[in-house]
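*Asks:* test case, fold it:
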Amino acid sequence: MRLEQYLDVIVKFLSDYKEKCHVDGYVLGLSGGVDSSLVAALAKKAVGKDKLMCIMMPIDSHPSDLDDAIKVAEALDLNYLVMDGSQSFHATVDEFLRQGVALDKMSLSNLKVRIRMTMLYAYGQTHHMLVLGTDNMDERYTGYFTKYGDGAADLLPIVYLTKGEVVAAAKMLGVPTSLAERVPSAGLFEGQTDEKEMGIKYADLDKYLLGGEVDEKIKERIEHLHRVSEHKRNDIPTPEEYVRD
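*Replies:* Next up, the predicted model:
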């Protein structure tokens, strides 16, 4: 199946799922990155502009991130809200500090992502909408997402697309090339990029996931990330079922 055809499959999936669940539409966190841009384009095509709300939640990120998100929204003609969330983030951090607890760098980053998730679900429940996730195949396989943050969603429309396919698809659906090819980053702290954090390039990860040959060290890194993130993809562990007398 060609990529163009598979995009039609995703559009139908989103359209059918909305009707199946009897909801009023979808809500999505729009970052200005290629993954959320593609999901926004697909969702709009599936349910229409008025059944999709995109929310931008910069939370202390670089100003260019918000600028890019607005450029995407304008290019695709999307409805959107800007809800910073920084006050919520700093209030939570300050509460920990009052208890003598200083959160480490990773906890602070993940807290930002989980606050975004909370905001999306609050909006979605109020407006009878489901939350769209933006994880692609690379992120899902390596666990490069925050548990109960960007990994928390009602649907994962692009989870079977590699990063390269996401970029190509975004261009097909009208995302400006400069934004589709933007260096992938969650914008959580200065200088942060996806590839630096993962320790591998998306091109190599794409090749591995599609059955190609990669350097042995790269393969080991990918498989390590997959193993240690297994808990993110599995159901919450429980003991054996209680069988009552």
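*Asks:* quick one: distance of the longest helix seen in the chain to the chain centre.
*Replies:* Counting by DSSP state H, the longest helix found in the chain is helix 105-126. Remark: helix 105-126 is offset 12 Å from the chain centroid, using CA atoms, centre = their mean, to the nearest Å.
*Asks:* what helices or strands is it leaning on?
*Replies:* On a contact count with 3 or more CB pairs under 8 Å, 6 or more residues apart in numbering; DSSP states H and E, helix 105-126 meets strand 25-29, strand 52-56, helix 86-98, strand 129-132. All C-beta spots, glycine's among them, are computed from the backbone N, C-alpha and C.
*Asks:* can you put those in TSV and add mean pLDDT and mean neighbour count?
*Replies:* Below are those laid out as TSV (pLDDT from 0 to 100; neighbours: other CB atoms under 10 Å):
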stretch	mean pLDDT	mean neighbour count
strand 25-29	98	25
strand 52-56	98	24
helix 86-98	97	13
strand 129-132	98	22
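*Asks:* circling back: buried set for the longest helix of the chain?
*Replies:* 108-121, 123-124 (16 or more other CB atoms under 10 Å).
*Asks:* helix, strand or coil for residue 185?
*Replies:* Following DSSP: H, G, I helix; E, B strand; the rest coil, the label given to residue 185 is coil.
*Asks:* touching, it and residue 197? I think so.
*Replies:* No - using CB atoms under 8 Å, residue 185 makes no contact with residue 197, being 9.1 Å away.
*Asks:* which one's more surrounded, the two?
*Replies:* residue 185 (20 against 15; other CB atoms under 10 Å).
*Asks:* ok, and the closest non-adjacent residue to the more buried one?
*Replies:* Leaving aside its sequence neighbours, residue 185 sits nearest to residue 193 (CB to CB, 6 or more residues apart in numbering; 4.8 Å).
*Asks:* quick one: residues contacting the one you found.
*Replies:* 183, 184, 185 (CB atoms under 8 Å, 6 or more residues apart in numbering).
*Asks:* need these in JSON lines (columns: pLDDT and distance to residue 204).
*Replies:* Compiled in JSON lines, the contacts of residue 193 are given as follows (pLDDT from 0 to 100; distance: CB to CB, whole Å):
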{"residue": "183", "pLDDT": "77", "distance to residue 204": "16"}
{"residue": "184", "pLDDT": "74", "distance to residue 204": "14"}
{"residue": "185", "pLDDT": "70", "distance to residue 204": "18"}
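*Asks:* what's the first helix or strand after the strand or helix carrying residue 138?
*Replies:* Using DSSP states H and E, residue 138 maps to helix 137-142. Later in the chain than helix 137-142, the nearest helix or strand by DSSP H and E is helix 163-172.
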